[in-house]
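> Model the following, please.
(chains A and B, ligands or ions: 2)
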Amino acid sequence: MHIPDGYLSPETCGVFGAGMVPVFATAGKRVRRVVKSRYVPLLALAAAFSFLVMMLNVPIPDGTTAHAVGAVLIAVILGPEAAIIAISTALAIQALFFGDGGVLAYGANTFNMAFVMTMVGYFLVYKPLTRNVSLTSPRRAFAAALGGYVGLCAAAFCAAIEFGVQPELFKSASGAPLYAPYHLAQTIPAMMVAHLTVAGGVEFALTLGVILYLQRANLPVLRINHADASESDADLAKPPTRLKWWYALGPIAAIALITPLGLIYNSGAFGEDPARAKPVWHHVLFSGYDFSHDKHPAVGYIISAFVGAALIALVLFGLFGLSRLVQRRRPPAAQPAGPTTAGPTTLGPTMLAPTMLGPTTSTAALTADRPPPTTISPSRTPDWLIQSQVGMCPCGCIGKRQRGSYVQKTLSGGATLMRQAMFGEDVATGPGLLQRIDPRVKLLTMLSVLIGTALVRNIEVLLSLYAVTLVLAVASHLKLSFFVKRVWLFIPVFTGVVVLPATLNIVTAGHIVVPLGHWWFGHRIGMTSQGLHSAALIVSRVAVSISIVVLLTLTTPWAKLMAALRAIYVPRMFIQIMAMAYRYIFYLLGSVDDMYTARKSRMVGADTDVKAGRAFVAATAGALFGKAHTLSEEVYMAMVSRGYTGNAVSIDTFQVRALEAVWVAACAVTIAATVGIDRAIGR
Amino acid sequence: MPSDAELLVVKDLTYSYLGRFPALDGVSMSVRRGEKVALLGANGCGKSTLLKVIDGLVFPDAGNYFAFGEEVTEDKLEDRQFNEGFRTRVGFIFQNSDAQVFSPTVREEIAFGPLNMAMDRRQVEARVADTLEMLGIAELADRAPYQLSGGQKKRVAIASVLVMNPEVLLFDEPTAALDPRSQQWLMELIVELSDAGKTIVLATHDLGTLDVLADRCVVFSERHQVVAEGPPNDILADRDLLLSVNLIHEHTHLHGDLAHHHVHEIGHHHEPEPLPDLAAERTAR
Ligand SMILES: Nc1ncnc2c1ncn2[C@@H]1O[C@H](COP(=O)(O)OP(=O)(O)O)[C@@H](O)[C@H]1O
Ligand SMILES: [Mg+2]
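Ligands and ions are numbered 1, 2, ... in the order given. The predicted structure is shown next:
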């Protein structure tokens, strides 16, 4: 769901950026008041957690990517304000350091994933459903999961609208779209189907898994945001079966609401040519089908929506079934009271009990940490509980690596990220032009150049800008091949895949220059010159934007970047959370990788990609969260032990010299020249 | 009231996690100035928890804790001055270095404590440099902690505590998960710090290093109680005691290599560099 720079017009970015400022201010103020300094590490952890969750994504043609976010989960645990801050932190790290999601589009991205998702999921779904529900009730967990689901879909819907309106609002004189090329009729179904099924399912399972885990193993964590919720088991006595229909109906109702919306756009509400408004996506969904409703595209749309709904219902019923199964196998809740019984022995099984997802998945991931039962020693400390021993993989158990799984890909992507980050730090401290420039100045100038880039409407100008970034890379002693690869391997290539369909005449009307045959419902199909042009425009703009961000991050050590943010008045707390979250990310990545490897080595037979991914996320999330929470407590203690009382302090100091002055002037000239020339060329 | 020589005194401490999982049950003990005390016990007996109480990180459900002649409570630690005084005087090296090193760079990690103490920047930088030098990690200063090996992380963790020049150093399983060379180095460092006048409290279940690292042992049972106290040699000689608290099992041979695992190696090493004038600085303040 991350919108990269280049998809949205600078005007759109500006509106959302400005709109989010008061949201951040309010949330920040409330967090400082409500969440004590004690929970700062937990907040950072939540951000890292969300970062990892968002890494598990699948690209969607016509849209961006589909993934879970975890906003409602965090809102339930730490409060909605904290969730907004945590998700925004994760997005900031992604935008600044990993080039995932734009820097200019940060406002839009945080609006969707942090603000809308939290507000809708927490206040519209979770809160009303849990008014008189005890803290340990499964109903609360399901309400949170449903909140996550609905919130995610709402966020995806907003994203779809944001880039869906781009071709209507911003086009060149010849009618070619300047930014994202897809219309609402394509973006909404594309985003919604992916999120209503895959990503929504992951979000639901993830939220459910973690909340059930916390209810069972670490109630005090849930108390943070639910100080006065009753813990009574009155609700526990009620079988969750009663709720089945209720919850399954929710998403179906949501779809029912959204379906006609798509139809409205289909019927030309934005003055579209009906011929190109035909949804592209159902072809993807039903690739084996032969749909010949060329007169009734709406029928295909509705059928698809219902298939989606049925899928969700199935997933939901499956989850309910499994959760009941787990319920039955749950060990008795009574804890031995006196110190006479060995406490630790009882702690083990309680914490390790599979949280929700049936025997095969959850136990596999969890047993990775469980020492084999020994008959010799009757009581064993669950050491994994108190010392997160992951990080370095102690066992050499590397299972057969199955290619093609998106979880797998994401994880090896994670390893690559880690390596990149380490390598990056070395380059960042090396000699070179950009390395020498004051990080504050660099940050501000790069931001200005980024805005300038967003304003450009000619490919030629964008290409010259790209050449400038290459020159800068060389001047900063970056290996050119590395720099180019780093930029192009990331989003632009994916953007290429995503925008490719936009070159076809069914999306962008115009003269067909590359005919592809006649099979599209009897229509002629091919790439149009306008389509190719706008695709090239968007790809080159994204490439330049990412090059600028990569230049910034590759030549600035992470710590300096943080200090620079501080210098431009980004609130201290936010930076502190970001710095800690960044550190947790690497730690958690190691954990996830271990768990995944351990699970993989136990799995026999192939699993489908999506199913395996979802099961893995749900099974791991609870355990991971528990582990991570223990770590965050420990980090907090380590900070307090060294005198931390809630104020972040940094050792960095800056100075501005002649070099900076020259640099600022050069940037100003470049921006003025680019925009000036661009406007002079026109188009 | 505890006597002057007794720096740290705990009385009848009881603590349980989440109100359900007992960790300490009526624990009393004390630590004298300049002493090396080992908390000895099997996994899960409550050593780490006791260290956290001593460092003022968790507060007992019942019982009292006195440090430097004053009772330490949650309320008192809210007081800025008391907090600052206490935190500079007691340093804690956690078992899990990953938890302890959380800053973006090693240099910032080490500067974290002094900066929190509102120390002058220039002074902080000088101290950080000294500490980096002393622990032989100067070349790691600008690296990120997650790039480091386990042994290096441990050094950074120790540096981040030593930079504040505390009087009392708490080590939780200091040699766990370190390779033999790092273990050796750390043991020498602890002895050296003790010689420089620091008071050392360490948690361990490693009997082999006891007689080097401890003047006195406090033995915990698996029921989270103190069952014995005495010099390492007496404790090591009491096979029944060690069996009962699960520190050895039937087949362990205490004679031979276990008891003096590392003893003879200590003297053979080159004379370690003297500590920077941390101790002098402390008295001057
Ligand atoms: N965060 C925690 N939550 C619940 N129980 C804990 C936690 N930390 C420790 N315990 C329990 O408290 C007891 C004492 O733990 P600890 O002080 O870490 O022992 P040791 O350091 O001697 O191995 C153990 O039984 C352990 O299971
Ligand atoms: Mg311990």
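
> Let me know how buried B:Leu40 is, in neighbour terms.
Using other Cβ atoms under 10 Å in any protein chain shown, B:Leu40 is surrounded by 29 other residues. Every C-beta, even on glycine, is put in place using the N, C-alpha and C of the backbone.

> correction: B:Glu250
Applying other Cβ under 10 Å, we find 6 residues neighbouring B:Glu250.

> All the helices of chain B, residue numbers only.
With DSSP state H, the ranges of helices along chain B come out as B:47-54, B:74-78, B:80-89, B:97-100, B:106-116, B:121-134, B:150-162, B:180-195, B:210-213, B:232-237, B:239-244, B:263-266, B:278-284.

> Tabulate those (CSV), appending mean neighbour count and distance to A:Gln215.
Below are the helices of chain B laid out as CSV (neighbours: other Cβ atoms under 10 Å in any protein chain shown; distance: least, Cβ to Cβ, whole Å):
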stretch, mean neighbour count, distance to A:Gln215
helix B:47-54, 24, 25
helix B:74-78, 12, 28
helix B:80-89, 16, 35
helix B:97-100, 26, 25
helix B:106-116, 25, 35
helix B:121-134, 17, 44
helix B:150-162, 24, 34
helix B:180-195, 17, 41
helix B:210-213, 22, 43
helix B:232-237, 18, 44
helix B:239-244, 14, 38
helix B:263-266, 12, 51
helix B:278-284, 12, 48
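
> Tell me which of the ones you listed lies nearest to ligand 1.
Ligand 1 lies closest, by Cβ to the nearest ligand atom, to one member of the helices of chain B: helix B:47-54, at 3.1 Å.

> can you list the residues that contact that closest one?
If you take Cβ atoms under 8 Å, 6 or more residues apart in numbering or on different chains as the criterion, helix B:47-54 is touched by A:386, A:637, B:8, B:10, B:13, B:15, B:17, B:23-24, B:27, B:39-41, B:58-60, B:65, B:67, B:90, B:92, B:95, B:168, B:170, B:172-173, B:201, B:203-204, B:220.

> and ligand 1, which of those residues reach it?
A:Ile386, B:Tyr17, B:Ala23, B:Gly41, B:Ala203 (Cβ under 6 Å from any ligand atom).

> What number of residues are in the vicinity of the second one?
The one in question is B:Tyr17. If you count neighbours by other Cβ under 10 Å, B:Tyr17 ends up with 15.

> Please name the nearest non-neighbouring residue to it.
Spatial nearest neighbour of B:Tyr17, excluding adjacent residues (Cβ to Cβ, 6 or more residues apart in numbering or on different chains): B:Ala23 at 5.9 Å.

> same thing with the last one?
Spatial nearest neighbour of B:Ala203, chain neighbours left out: B:Lys47 (3.6 Å); criterion: Cβ to Cβ, 6+ apart.

> Check what pLDDT the one you found gets.
As predicted, B:Lys47 sits at a pLDDT of 94.

> cool, A:Val76 as well?
pLDDT recorded at A:Val76 is 93.

> Looking from chain A, tell me which residue of the stretch 1-150 of chain B is nearest.
Closest contact between the stretch 1-150 of chain B and chain A, by Cβ to the nearest Cβ, is at B:Gly44 (3.0 Å).

> Does that residue touch B:Ser221 like I think?
No. Taking Cβ atoms under 8 Å as the definition, B:Gly44 is not a contact partner of B:Ser221, at 11.0 Å.

> Those two - which one has more neighbours?
Remark: of B:Gly44 and B:Ser221, B:Gly44 carries more neighbours, 26 against 18, as counted by other Cβ under 10 Å.

> distance of the more buried one from B:Asp211?
Shown here: B:Gly44 relative to B:Asp211, a distance of 25 Å by Cβ to Cβ, to the nearest Å.

> how close does A:Val675 sit to chain B?
36 Å (Cβ to the nearest Cβ, to the nearest Å).

> which residues are in contact with the helix or strand containing that residue?
Here A:Val675, judged by DSSP states H and E, is contained in helix A:658-681. Outside helix A:658-681, the residues within contact range by Cβ under 8 Å, 6+ apart are A:436-438, A:441-442, A:445, A:448-449, A:451-453, A:455-458, A:460-461, A:464-465, A:468.

> Buried residues, it. List them.
The neighbour-count check on helix A:658-681 (16 or more other Cβ atoms under 10 Å in any protein chain shown) flags A:Glu660, A:Trp663, A:Val664, A:Cys667, A:Thr670, A:Ile671, A:Thr674, A:Val675, A:Asp678 as buried.

> And the residues you listed, which is closest to chain B?
A:Glu660 (21.6 Å).

> dump the residue contacts of B:Val10.
B:Val27, B:Ser28, B:Met29, B:Ser30, B:Leu50, B:Val53, B:Ile54, B:Gly63, B:Asn64, B:Tyr65, B:Phe66 are the contacts of B:Val10 under Cβ under 8 Å, 6+ apart.

> What count of nearby residues applies to the closest residue to B:Asp61 other than its chain neighbours?
Distances taken as Cβ to Cβ, 6+ apart put B:Thr14 closest to B:Asp61, at 5.0 Å, once the chain neighbours are dropped. B:Thr14 has 16 neighbouring residues, counting by other Cβ under 10 Å.

> Low-confidence regions, the stretch 51-200 of chain B specifically.
Within the stretch 51-200 of chain B, no stretch has pLDDT under 70.

> Report the closest residue of it relative to ligand 1.
B:Asp172 (6.9 Å).

> Understood, closing this out.
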